[in-house]
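*Asks:* Build the 3D model from these lines:
(chains A and B)
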Amino acid sequence: MRAALSRDNVRAGLIGGVTVLYLALVGMIERFQDRDVITDVIGLGTLLILIGLAGTGYMASRPPKPRPGRKPVTANPALIGLVAGTTAGVLAGAVILILELLISAGVDVRSVLASVTPGMLSTMEFGLGPVGGALILVGLGAALGAGAGALRLLSDQLRDTVTFTLTAVLLMSLMEPILSAVLDGLSLPDRWLYEGGGLTVLGAVLTVVAAGAGRWFWKEREPQRKEAVALLPADRRTLYRKLAVFAAVAFLVVLPWLVGSFISDVLGTVGLYVLLGLGLNIVVGYAGLLDLGYVAFFAVGAYATGVLTSPASYLVREEGQLFAEKGLTNFWVALPFVVLIAVIIGILIGAPVLRLRGDYLAIVTLGFGEIIRTLVLSDWLAPYLGGAQGLLNVPPPPPEALDLRAPQNVYYLILVFCGIAAFVAWRLSDSRIGRAWAAMREDESVAEAMGVSIIRYKLLAFAMGAGVGSLGGVFFAAKIGSIFPNSFGLLVSINVLSVIILGGLGSIPGVIVGSAVLVGLPELLREFAEFRLLIYGAILVAIMILRPEGLVPNKRRQRELHARDAEAELSVIVTDEATS
Amino acid sequence: MTEQQAPILDLASVSAAYGPVRALEEVSLEVRTGEIVCLLGSNAAGKSTTLRTILGMTRAHAGEIVFDGERIERLSTQEIVSRGLTMVPENRRLFGKMTVRENLAIGANLRKDKAAIQADVDRVFGLFPRLKERISQKAGTLSGGEQQMLAIGRALTASPKVLLMDEPSMGLAPILVEQVFDTIKEINAQGVTILLVEQNAHVALSIADRGYVLQTGRIVLADTAKALLEHPNLSDAYLGELE
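*Replies:* Coordinates of the predicted model:
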C-alpha cells in the first residue's frame, strides 16, 4: 500500500481530476450529455466523467518504463489505480462542492465560469445533489480507478477483450447516424438497436456479447491462424489477398447506397482529404520535405478548374466562344491541364527552396501557402479569379445524365481518383524513385555522394505532390460548384498534415484512416462542433505520446521505433548489470 | 603495382573554401590506375574536404580536377559519380532504416543495366558473404563491422573506377581494422583504384603505394609509402597527437 501511495500516483490522480473538471468547465460534459450512449441509462457526458476517472487509474498503473540506473517500483496496479482514481474523484468532488457552496452563498460564479450551469452540475453530481454528488465522485473514482488498475492484472488476452468491448459499445453508439441510416437504407428495422440517438439496452447487451465473444475467439485463435496462414501456399495467399481487396472495393462501392446522401457527402469530403493526404504524403512521408503550405495546391486545383470551366470566369466569358465551341470548357478536357498547371507551380515553389531543410523549408512553404491565398483574394487577380466574391457556377463534370453533383455520384468520382492516386503512391514507394527519396530523407548529403540527384528528386516530389493534391482541389470545385478564397486557409494545410501524421507518415492506409478520423468523425458529431478543435488537439497530442508512429504505421518507420525501444531496454540491462 | 601510368585522377592546384574559411590551398595530387594512394593528416587538415571537392559536393574555386582524361571540377556530383568515382563516407553513414538490399540498390541508383548491377552485387556478396545472409535486415541493426562492409559494398555497386574512402578504420576494433584493410587490398587487386583518407597512418601506409600528407589545407609531403613509413618524424611533425 505504501508503494502505491507514491507521489507519482497522487500526481496522476490530480491530473485526471483536473482533466475531468476541465472538460466540465469548458462545457463539454454538459453538451455531450445531450447525446445518449445507451438511451435513458447513460449519456455521453456521464460517460466522459467515467472514462476520465477510469482512465486516470489505467494510466497511473501503467508498467513503469525501464530507465537506466533506476529500479522500477513495484506495487499492485489495482492499488495504484485506487489511489489515483480516488485522488481524481476527491479533487473533482471537492471543486463541484465548492462551486455549489459559492452559488448558494450568492456568488455569481457564471460571470467567471460561464459553463457552471445547473445542468452541468447535475450531470457531474449524477443527479444526487451537492453532497451526494461529491461522495459519488469519490466513490466512483475509487471504484473505477481500482477496476481500471486491476485490468493490468488480467492476462493480455482478457484485458484486450475488455477494452475492445467497451470501445465497441462507444463506437456503436457514436456511429448511430451511419448505422441507422444503413439499416433504413436496407429497409431493416432499427428500433431494437437504436432509440433516441443512442443504443437501446438490448443493443448495448448485444454489442457487448458480440464484440466480447468475437474478440476473445479472434485472439484465442491467433496463433493457429497465423500458423495456418504461414502454411498456405503462396498462390493461395495472393488469391486471398486479392479477394480481400475485392471485398473492400465492393464495400466501398455499395457504401453510399447504404448510408444515404448526407453521409455520402461526408464520405466525399473524407475522400478529398485522402487525395490531399496522398499528395502531401509523397512530399513529407516519402521525400521528407516538411511542407506547411500544401493548401497552395488545393487552391491551384480548385481555381484552375474554375477558371477553365466556369462560365463566370474571365477566360470563358471573354474568349469563351472559341473555348466553348472547341469543347475546351469540358471538365474532363480541363482536368489534365489543371494537373499540369499544379505540377508547374509545384516546381516553381520547389525550385527556390531546394537548398533549405527542415524548419527553414517549413517556414518558407508556409509563406508560399499564404501567398497563394493572398493572390486569389487580391484585387489584381480579381477580374480573373473573382477576388473575395470567388468563382461561382463551376459546372458539374459532364455528362449531365450521370448527375455528377449528387453526393453519391461525386463520391464515386472521388473514389476512383483516390484509387488511382493510391495506386500511384503505392508503386512509387517501392520504386527506384521511392528508394532515392527514402535515402534523401535519411541522409541528404550521403545520398548526394551516392549520385542521387537531390535537386531532381526534390523537384519530382514537389511536382508529384502538387499534381495529386490538385486533384483534391479539382473535385472540391466539382463537388461544391463555387470557390471562395476563405476555403484555402492555413487550417487546410494543418489538417492535411495532421491527417498523415495521425495515420502514420509514409503509410497509404494511414492516410485513409487519418482522414476518416480527423475529417469524417467531426462531420458525424456536428452537434459538438464548438469542441471540434479541442478534441482534435487532444487526439493529436494523445497519438503523438502513445503511438508516435501513427495509427497504421509504415513498416519502415515502425521498425525503427521498435528498434529504439529494444535498444533502450538493452542499455538498461547493461547499466543494471554494471551497477549491481 | 607502381608501374608508371597516366594518372586516372589528377588534382592540380585545387583550392576550396567554406565561405570565408579556406579549406584547401593549391592541393595537387595524382592517383594512377591500379594504385592505392593514401592521404594523411591530422583533424581538420582538409582530408575530407579533398574528397568532397573531387566529388563536386564542395566547389573548387581554383584549380583543375581531371578524371579519366576529362575535366570534372564543374560537373554535378551525379555526373561525376556516373563517370566512375564513388565514396565510402566517413563513419559509414548507411541508410539505417533501409535494408541491406536497398542500401546496395542506392549505390547502383545511376545505373540501368540490371544484369551488370546484379553481377556487381554478387561480387559484393563474394567479398562479404555475411551481407548476403542479412540481405533483408535493416542496415541500422548490423554490427559495426558489418556496417563497414555494407558501406564499402554500397560504393562498389556503383561500379567505380576509383573508390574514395574516408577513414574506413574509424570506430572499429583493431581486429576489424585489419579485416577492412585486407578487403581494401582485395578490392584493389580486382582492379579498383583507391584513394584512402586515414588518420591511422601506419596501417594505411602499409597497404598503400604512395602517400600525401595534408596540413592545414596544403600538401606538405608526398612520397612513396615506403619512404613515408621510414620518415623519421612523420607522426610528430605532421599528424599531431596521433601515435
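*Asks:* show me what contacts residue A:306?
*Replies:* With C-beta atoms under 8 Å, 6 or more residues apart in numbering or on different chains as the criterion, the residues that contact residue A:306 are A:312-313, A:385-386, A:391, A:394, A:477, A:483. The way it works is simple: take the backbone N, C-alpha and C, and place the C-beta from them, glycine included.
*Asks:* closest to residue A:134 among those?
*Replies:* Looking at those and their distance to residue A:134, the nearest is residue A:483, at 54.6 Å (C-beta to C-beta).
*Asks:* Around the closest one, how many other residues sit close by?
*Replies:* Neighbouring residues of residue A:483 were enumerated by other C-beta atoms under 10 Å in any protein chain shown; the total is 25.
*Asks:* Show me what the nearest residue to residue B:30 once chain neighbours are set aside is bridged to.
*Replies:* The shortest distance from residue B:30 to any residue that is not its chain neighbour, by C-beta to C-beta, 6 or more residues apart in numbering or on different chains, is 3.8 Å, and that residue is residue B:7. Going by DSSP bridges, residue B:7 is paired in beta bridges with residue B:32.
*Asks:* okay but residue B:7 is in contact with residue B:37, surely?
*Replies:* No - in terms of C-beta atoms under 8 Å, residue B:7 does not count as a neighbour of residue B:37; the distance is 9.8 Å.
*Asks:* Of these two, which one has the most company?
*Replies:* A direct count of neighbours by other C-beta under 10 Å for residue B:7 and residue B:37 places residue B:37 higher, at 23 against 18.
*Asks:* Can you check the pLDDT for that one?
*Replies:* At residue B:37, the predicted lDDT confidence score is 95.
*Asks:* near chain A, which residues of chain B?
*Replies:* Selection of chain B residues close to chain A by C-beta under 8 Å from any C-beta of the partner chain yields B:55, B:57, B:76-78, B:80-82, B:86-87, B:89, B:93, B:95-98, B:102, B:105-107, B:109-110, B:138, B:140-141, B:154-155, B:158.
*Asks:* do you know how far whatever residue of chain A ends up closest to chain B is from residue A:551?
*Replies:* Here the residue of chain A nearest chain B is residue A:451; by C-beta to the nearest C-beta that distance is 3.2 Å. Taking C-beta to C-beta, to the nearest Å as the measure, residue A:451 falls 36 Å from residue A:551.
*Asks:* Report the helix or strand with the lowest average pLDDT across chain B.
*Replies:* Across the helices and strands of chain B, mean confidence by mean pLDDT, DSSP states H and E is lowest for helix B:234-238: a mean of 70.
*Asks:* mind listing the strands for chain B?
*Replies:* Using DSSP state E, the strands of chain B run over B:7-18, B:21-32, B:36-41, B:60-67, B:70-71, B:85-88, B:162-166, B:193-198, B:210-215, B:218-224.
*Asks:* what does the stretch 101-250 of chain A give?
*Replies:* Secondary structure of the stretch 101-250 of chain A by DSSP state E, counting those that start in this stretch: the strands cover A:194-195, A:198-199.
*Asks:* now do chain A
*Replies:* Counting by DSSP E, chain A has strands at residues A:36-38, A:42-43, A:194-195, A:198-199.
*Asks:* right, so those strands: which one is the most enclosed?
*Replies:* Comparing the strands of chain A by mean neighbour count (mean count of other C-beta atoms under 10 Å in any protein chain shown), strand A:198-199 comes out on top with a mean of 25.
*Asks:* pLDDT at residue B:11, what is it?
*Replies:* The predicted structure scores residue B:11 at 94 on the pLDDT scale.
*Asks:* I'd like the strands of chain A as CSV, with mean pLDDT and distance to residue A:82 appended.
*Replies:* Below are those laid out as CSV (pLDDT from 0 to 100; distance: least, C-beta to C-beta, whole Å):
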stretch, mean pLDDT, distance to residue A:82
strand A:36-38, 89, 25
strand A:42-43, 90, 23
strand A:194-195, 86, 36
strand A:198-199, 88, 30
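*Asks:* can I get those in a markdown table with distance to residue A:366?
*Replies:* Below are the strands of chain A laid out as a markdown table (distance: least, C-beta to C-beta, whole Å):
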| stretch | distance to residue A:366 |
| --- | --- |
| strand A:36-38 | 41 |
| strand A:42-43 | 41 |
| strand A:194-195 | 44 |
| strand A:198-199 | 43 |
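*Asks:* Which of those sits closest to residue A:348?
*Replies:* Closest of the strands of chain A to residue A:348 is strand A:36-38, at 51.6 Å (criterion: C-beta to C-beta).
*Asks:* Does residue A:445 touch residue B:58 like I think?
*Replies:* No - taking contact to mean C-beta under 8 Å, the distance of 10.6 Å between residue A:445 and residue B:58 leaves them out of contact.
*Asks:* neighbour count winner among these two?
*Replies:* Per other C-beta under 10 Å, whichever of residue A:445 and residue B:58 has more neighbours is residue B:58, with 18 against 14.
*Asks:* The more buried one: what's it in contact with?
*Replies:* Taking C-beta under 8 Å, 6+ apart, we find residue B:58 in contact with B:16, B:18, B:23, B:49, B:52.
*Asks:* What residues of the longest helix along chain B count as buried?
*Replies:* In chain B, with assignment by DSSP state H, the single longest helix is helix B:174-189. When burial is assessed from 16 or more other C-beta atoms under 10 Å in any protein chain shown, helix B:174-189 yields the following buried residues: B:176-177, B:180-181, B:183-184, B:187-188.
*Asks:* before we move on, what about stretch A:277-292?
*Replies:* Buried residues in stretch A:277-292, counting neighbours by 16+ other C-beta under 10 Å, are found at A:277-292.
*Asks:* how near is the residue of chain B found nearest chain A to residue B:159?
*Replies:* When distances are taken as C-beta to the nearest C-beta, chain B approaches chain A most closely through residue B:81, which lies 3.2 Å from it. Taken as C-beta to C-beta, the spacing of residue B:81 relative to residue B:159 amounts to 10 Å.
*Asks:* Mind checking which of the two has more residues around it?
*Replies:* Just comparing residue B:81 and residue B:159: by other C-beta under 10 Å the higher neighbour count belongs to residue B:81, 26 against 19.
*Asks:* tell me the contacts of that one?
*Replies:* By C-beta under 8 Å, 6+ apart, the residues touching residue B:81 are A:449-451, B:55, B:110, B:158.
*Asks:* If you rank those by neighbours, which is first?
*Replies:* Among the contacts of residue B:81, residue A:450 has the most neighbours (other C-beta under 10 Å), with 30 neighbours.
*Asks:* residues in contact with that residue?
*Replies:* Residues touching residue A:450, when contacts are defined by C-beta under 8 Å, 6+ apart, comprise A:439, B:81, B:86, B:106-107, B:109, B:154-155, B:158.
*Asks:* Apply 6 Å and report the result again.
*Replies:* Contacts here follow C-beta atoms under 6 Å, 6 or more residues apart in numbering or on different chains; on that basis residue A:450 touches B:106-107.
*Asks:* Could you do the one 3 residues further on as well?
*Replies:* Listed by C-beta under 6 Å, 6+ apart, the contact set of residue A:453 reads residue B:78.
*Asks:* For the stretch 401-550 of chain A, what lies in contact range of chain B?
*Replies:* Taking C-beta under 6 Å from any C-beta of the partner chain as the criterion, the neighbours of chain B within the stretch 401-550 of chain A are A:435-436, A:438-439, A:442-443, A:446, A:448-453.
*Asks:* now chain A
*Replies:* Looking at chain B, the residues of chain A close enough under C-beta under 6 Å from any C-beta are A:435-436, A:438-439, A:442-443, A:446, A:448-453, A:556, A:560.
*Asks:* What is the lowest-pLDDT residue among the residues you listed?
*Replies:* Lowest pLDDT among the residues of chain A next to chain B: residue A:560, 52.
*Asks:* is residue B:164 in a bridge, and if so with what?
*Replies:* With DSSP bridges as the criterion, the beta-bridge partners of residue B:164 are residue B:87, residue B:195.
*Asks:* How much space separates it from residue B:138?
*Replies:* Using C-beta to C-beta, we find residue B:164 at a distance of 26 Å from residue B:138.
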